[in-house]
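Visitor: just to be clear, the model below is a prediction. Sequence and coordinates:
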Amino acid sequence: MAAHVPLVDLHAQYRAHKAELDSAMAGIIRASAYIGGAAVRRFEEAFAAYCGVKHGVGVGSGTAALTLGLKALGLRPGEGVLVPSFTFVATAHSVIEAGGRPVFVDVDPFRFTLDPEACERALKREKGIRFIIPVHLYGQMADMDAVSALARRYKLTIFEDAAQAHGARFRGRRAGSFGAAAAFSFYPSKNLGAYGDGGILVTNDARVADKVVRLRDQGRPREGRSKYLHPGVGGNHRLDGLQAAILNVKLAHLDEWNERRRTAASLYTRLLEGHERIRVPSIAPHSQHVFHIYAVHVRHRDKVLERLRAEGVSADVHYPIPLHMQPSMRFLGHRKGDFPVSELLARTCLSLPLYPELRPSQIRRVVRALDASVRGA
Ligand SMILES: Cc1ncc(COP(=O)(O)O)c(C=O)c1O
């Protein structure tokens, strides 16, 4: 059988940048700068500047960035937050963890992000909603013209979930620079990934940044008077020094890696476009996609997936259960059929291998295996 094609290959990236990464990690170990320190500060400043915003606050995960961000933006207990029904579960769980209540909205069938008309219907149905979380799913930004117009009309605070969209652009502006704040994840397989968990909140609002600084570290401000003086309450959601050192090295390569992802994605699309049984992803106008995930849509998806895997191609599904159908969200009282686009996408989406080092010969092999699998399914 032909060689296995993995969904992602994190070791290929490490091999390509081993000297730089090893030296950065050794520097942290030599200095014993494991918690906080210069590497964390340097990364916070560099990543905020990369996004085109003023402040960055490193935290322990993308989920922590979302949860602490919502608290810092002033979410009140029980308050409704507009959230797409098709995303990774952390978007909605963070709302609940922060004391709020997800108000699900269906997604656009081509962009897979918040459907602006469905948002408007939800806002008319439930008065007084103050927050909207557009998720830039798979690496493509939500329609930020429409989201911004809604925000103006209904006085909404925009909080971007940019966990899958490091470096993505809409009308030339980067993800993270549209909302009152934005959350990113550095989960290892993300476009910018740490060697463990990590995340960041970015914002232009110094007060929001300062609140997240305190919430991430037992209520302490950045420049506290004493290590053991706690003006407020907070938890432990810090980004550690080793992760920050790794991210500092990797950030310098992010644009090049995103470009390689786009090149790989366009080869997939060129080879698959027009296939009668496969729908390829669309790129919306004014959008620069960073292809965190390259997802096609096929009927009999589970059978196709099984055949692909048997052929040595590691495909996957992001995500098989729309959020309103998750057991954890049962208390919201939704039923099957409430968000039909999300339900259809969850049944048909199939993520193909994609990472910067993926070779054209591997892409051709995946395409051949996919073609055989959809014909046989
Ligand atoms: C859309 C989205 N939101 C939030 C998260 C949560 O990030 P983390 O896994 O770093 O907590 C992820 C990533 O896993 C994600 O894909």
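Guide: Yes, it's here.
Visitor: what about the strands in this structure?
Guide: 55-59, 80-84, 101-105, 131-132, 157-161, 169-170, 173-174, 181-185, 199-203, 287-288, 294-297, 349-352 (DSSP state E).
Visitor: next, the angle from the first one to strand 181-185.
Guide: By that I understand strand 55-59. 40 degrees (axes from the mean of the first three to the mean of the last three CA atoms, to 10 degrees).
Visitor: what's the closest of the strands of the chain to the ligand?
Guide: With CB to the nearest ligand atom as the criterion, the ligand lies closest to strand 181-185 of the strands of the chain, at 3.2 Å. Heads up, the C-betas are built off the backbone N, CA and C, glycines and all.
Visitor: what sits up against that closest one?
Guide: 47, 51, 53, 61-63, 65-66, 69, 72-73, 90, 159-164, 166, 175-176, 192, 198-203, 205, 208 (CB atoms under 8 Å, 6 or more residues apart in numbering).
Visitor: export that strand to CSV, keeping only CA atoms.
Guide: Presented in CSV, the C-alpha positions along strand 181-185 are these (Å, rounded to 0.1, in the frame of the first residue of the first chain):
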residue,chain,number,x,y,z
ALA,A,181,-11.4,41.6,21.8
ALA,A,182,-10.4,38.3,20.2
ALA,A,183,-9.4,34.9,21.5
PHE,A,184,-6.7,32.7,19.9
SER,A,185,-5.7,29.1,20.7
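Visitor: quick one: mean pLDDT for the top helix by length along the chain?
Guide: Ordering each helix of the chain by length in residues (DSSP state H) puts helix 254-272 first. If you average the pLDDT over helix 254-272, you get 98.
Visitor: only C-alpha atoms, please: export it in CSV.
Guide: Output in CSV follows, covering the C-alpha atoms of helix 254-272 (Å, rounded to 0.1, in the frame of the first residue of the first chain):
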residue,chain,number,x,y,z
LEU,A,254,3.5,31.9,10.4
ASP,A,255,2.9,33.9,7.2
GLU,A,256,5.1,31.5,5.2
TRP,A,257,3.3,28.5,6.7
ASN,A,258,-0.1,30.1,5.9
GLU,A,259,1.0,30.7,2.3
ARG,A,260,2.0,27.0,2.0
ARG,A,261,-1.4,26.0,3.4
ARG,A,262,-3.1,28.1,0.8
THR,A,263,-1.0,26.6,-2.0
ALA,A,264,-1.9,23.1,-0.8
ALA,A,265,-5.5,24.0,-0.5
SER,A,266,-5.6,25.5,-4.0
LEU,A,267,-4.1,22.3,-5.5
TYR,A,268,-6.8,20.2,-3.7
THR,A,269,-9.5,22.5,-5.1
ARG,A,270,-8.1,22.4,-8.6
LEU,A,271,-8.0,18.6,-8.5
LEU,A,272,-11.5,18.2,-6.9
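Visitor: among the contacts of strand 181-185, name the ones in helices.
Guide: Per DSSP H, these map to helices at 47, 51, 62-63, 65-66, 69, 72, 90, 208.
Visitor: can you convert the residues you listed into CSV and add a column each for neighbour count and distance to the ligand?
Guide: Formatted as CSV, those follow (neighbours: other CB atoms under 10 Å; distance: CB to the nearest ligand atom, whole Å):
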residue, neighbour count, distance to the ligand
F47, 24, 14
C51, 24, 16
G62, 27, 2
T63, 23, 3
A65, 34, 8
L66, 31, 6
G69, 31, 11
A72, 25, 17
A90, 23, 4
V208, 23, 18
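Visitor: now the strands of the chain as TSV including mean neighbour count and distance to the ligand?
Guide: Compiled in TSV, the strands of the chain are given as follows (neighbours: other CB atoms under 10 Å; distance: least, CB to the nearest ligand atom, whole Å):
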stretch	mean neighbour count	distance to the ligand
strand 55-59	28	9
strand 80-84	25	9
strand 101-105	22	13
strand 131-132	26	15
strand 157-161	25	5
strand 169-170	21	16
strand 173-174	19	17
strand 181-185	30	3
strand 199-203	31	5
strand 287-288	20	17
strand 294-297	22	13
strand 349-352	23	12
